[in-house]
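> predicted model, plus sequence, below.
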Amino acid sequence: MNKSSGTDMIIQCRDLERQFDEGRLKVSVLSGVNLSVHAGETLAIVGTSGSGKSTLLQLLGGLDIPTRGEVWVCGQSMAKLSDAARGRLRNQHLGFVYQFHHLLPEFTALENVAMPLLIRGTSPQQASTAATELLSAVGLGERLDHKPGELSGGERQRAAIARALITRPSAVLADEPTGNLDQTRAQEVLNLMLDLNQQRGTALIIVTHDLRLAARMDRILTLEQGILQEKALAS
């Protein structure tokens, strides 16, 4: 796995807190979270269900706003950007993979993967060429014209990974990316993500409950009672 040089910060957060209103109560999900992620690094965030792992990932990706604290992506403060500017920053630097693929059912695998480039303003021909190359790299070169409903679960997730990587992001944020797959398919998808991490130098942040998956990352962080800490897990 790729190691950081210590000078190429991709994502950083300081004193991050997130509270939600439940009636007259304020429920704190994250408490003073600090995290730094460097180029090419792989890390897993583990914790029990409801511990705030997905909330943290959304904050790091600029999909939610913290109650307190700040997030920087490639040196830019998310809090100081407009909604439109945050969207452009995400499109330029971040890719997202979820437990469920979220592919658009009416579009083919090729069209789904090309879409982030088209949103960026890339020409249709260039976007199609790049999507074809990446789908071939993840083993879907013969499935370009198939819609999500015509693909297996593992194939849909590989297409979702290709879509996350098509813009050559600085980091991929993955929320339980293998949670909807059987063990064999989960290992295939994880191997693919790690291979692409090696080839492209893309940082990889995975939220997971699977300790076997977490053990293959450079770092493991645990989220307990809103507090994030680096912690060795029992083998």
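Great, that's in hand. Numbering: from 1, shown residues only.
> next structured bit after the helix or strand of the chain with the lowest mean pLDDT?
Lowest by mean pLDDT, DSSP states H and E among the helices and strands of the chain is helix 183-200, with a mean of 79. On the C-terminal side of helix 183-200, the nearest following helix or strand under DSSP states H and E is strand 203-207.
> after that following strand, which helix or strand is next?
Past strand 203-207, the next helix or strand by DSSP H and E is helix 211-214.
> would you mark the buried spots in that next one?
Across helix 211-214, burial judged by 16 or more other C-beta atoms under 10 Å covers 213-214. Glycine gets a C-beta too; all of them are placed from N, C-alpha and C.
> tell me, what's the model's pLDDT at the closest residue to residue 171 other than its chain neighbours?
The shortest distance from residue 171 to any non-neighbouring residue, by C-beta to C-beta, 6 or more residues apart in numbering, is to residue 203 (3.9 Å). At residue 203, the pLDDT value in this model is 91.
> picking that back up, give the buried residues for the least confident helix or strand of the chain.
185-186, 188-190, 192-194, 196-197.
> for the one residue sitting closest to the centre of the chain, give the beta-bridge partners.
Centroid-nearest residue in the chain: residue 173, 1.4 Å away (criterion: C-alpha atoms, centre = their mean). In this entry, residue 173 is beta-bridged to residue 96, residue 205, by DSSP bridges.
> that one is in contact with residue 59, isn't it?
No - contact criterion C-beta atoms under 8 Å: residue 173 and residue 59 do not qualify, at 10.3 Å.
> low-confidence stretches in the protein?
1-7, 99-101, 180-181, 231-235 (pLDDT under 70).
> apply 50 and report the result again.
For the chain, the stretches with pLDDT under 50 are 1-6, 235.
> so where do the strands sit in it?
9-22, 25-38, 42-46, 68-73, 76-77, 94-98, 171-175, 203-207, 219-224, 227-230 (DSSP state E).
> highest average neighbour count across the ones you listed?
The highest mean neighbour count among the strands of the chain, using mean count of other C-beta atoms under 10 Å, belongs to strand 203-207: a mean of 26.
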